[in-house]
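**Student:** Pasting a predicted model and its sequence here:
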Amino acid sequence: MTPHWQPLLTTDARPTRDPLSQPQGFCGRLSYFKRFKMEADLDRLPAPALPEGFYWVSWCPGLIEAHAELLYGCFQQEIDSWVFASLGDRDGCRRLMSDIARKSGFLPQATWLLACDSGLCGTVQGVRERNGVGAIQNLGILPGYRGRSLGAQLLLQAMHGFRQAGLRRTLLEVTAQNERAIRVYRRLGFRRIKTLYKAVAMPLA
Ligand SMILES: CC(C)(COP(=O)(O)OP(=O)(O)OC[C@H]1O[C@@H](n2cnc3c(N)ncnc32)[C@H](O)[C@@H]1OP(=O)(O)O)[C@@H](O)C(=O)NCCC(=O)NCCS
């Protein structure tokens, strides 16, 4: 399927040993995606409010598989599954979720599933970085449940988790073309602090 988004720039790359400019030893086509680092204060957060019939599921290690399955359901066909190949692949989502849960800064208080009577419909994970800032890892709402403020409420729930863990600031990264996500983040007080460019090795056509 042809994606409806476009990378900022696509080049033919030469092999390099500089891992900052491109994947090591890579020779092929590289696409560059613009990403924003955004940050928000955790003071004076409104309380999360879910519509009737929706409820929170707090973290326990037995939920790794459920989080991974939701990551896959939320991110496949989305721009970030091109930027991060693991998000477009079921096994990749399992590995990613296990890696997040093993991080030393992993915060169960900021890691939630969203559920309703028909099943699970959203996921978010939070990690405390070494500088004491809470990093949102992946926020996802299944396609059939979007546009009802559930994404904003789930993010708010994770932000409260950071607050309960004693953190004062939170940050995340988002692909610049992900306008829907950026609207959610701005609404909850996130402001852009940095622009990054991520090189992605694309399969040659
Ligand atoms: C980002 C995501 C979590 C938002 O979930 P959601 O439940 O739809 O979010 P909300 O209903 O709280 O808010 C959606 C916002 O996007 C806006 N929106 C809806 N469709 C849109 C579109 N096609 N383009 C731009 N904005 C759009 C809505 O108007 C709303 O903004 P507003 O409240 O300012 O009007 C969800 O779209 C998702 O899972 N996307 C795929 C995974 C992803 O990209 N996650 C973010 C990674 S950084």
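**Tutor:** Looks like it came in fine.

**Student:** Every contact and neighbour count from this point should use C-alpha atoms.
**Tutor:** Noted.

**Student:** List phi and psi for Arg146.
**Tutor:** The phi and psi values for Arg146, taken as degrees, to the nearest 10, are phi -80, psi 160.

**Student:** typed the wrong thing, it's Gly53
**Tutor:** According to degrees, to the nearest 10, Gly53 has phi 90, psi -10.

**Student:** residue closest to the middle of this structure?
**Tutor:** Centroid-nearest residue in the chain: Asn138, 2.3 Å away (criterion: CA atoms, centre = their mean).

**Student:** That one touches Leu113, doesn't it?
**Tutor:** No: contact criterion CA atoms under 8 Å: Asn138 and Leu113 do not qualify, at 11.5 Å.

**Student:** For the longest helix seen in the chain, which helices and strands make contact with it?
**Tutor:** When the chain is scanned for its longest helix (criterion: DSSP state H), the result is helix 150-164. On a contact count with 3 or more CA pairs under 8 Å, 6 or more residues apart in numbering; DSSP states H and E, helix 150-164 meets strand 112-116, strand 119-128, strand 134-141, helix 179-187.

**Student:** Just put those in a markdown table and tack on mean pLDDT and distance to the ligand.
**Tutor:** Shown next, in a markdown table, are the helices and strands packed on helix 150-164 (pLDDT from 0 to 100; distance: least, CA to the nearest ligand atom, whole Å):
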| stretch | mean pLDDT | distance to the ligand |
| --- | --- | --- |
| strand 112-116 | 98 | 11 |
| strand 119-128 | 98 | 8 |
| strand 134-141 | 98 | 3 |
| helix 179-187 | 98 | 4 |
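
**Student:** I'd like those as CSV, with distance to Asp43 appended.
**Tutor:** As requested, those are exported to CSV (distance: least, CA to CA, whole Å):
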stretch, distance to Asp43
strand 112-116, 20
strand 119-128, 17
strand 134-141, 13
helix 179-187, 15
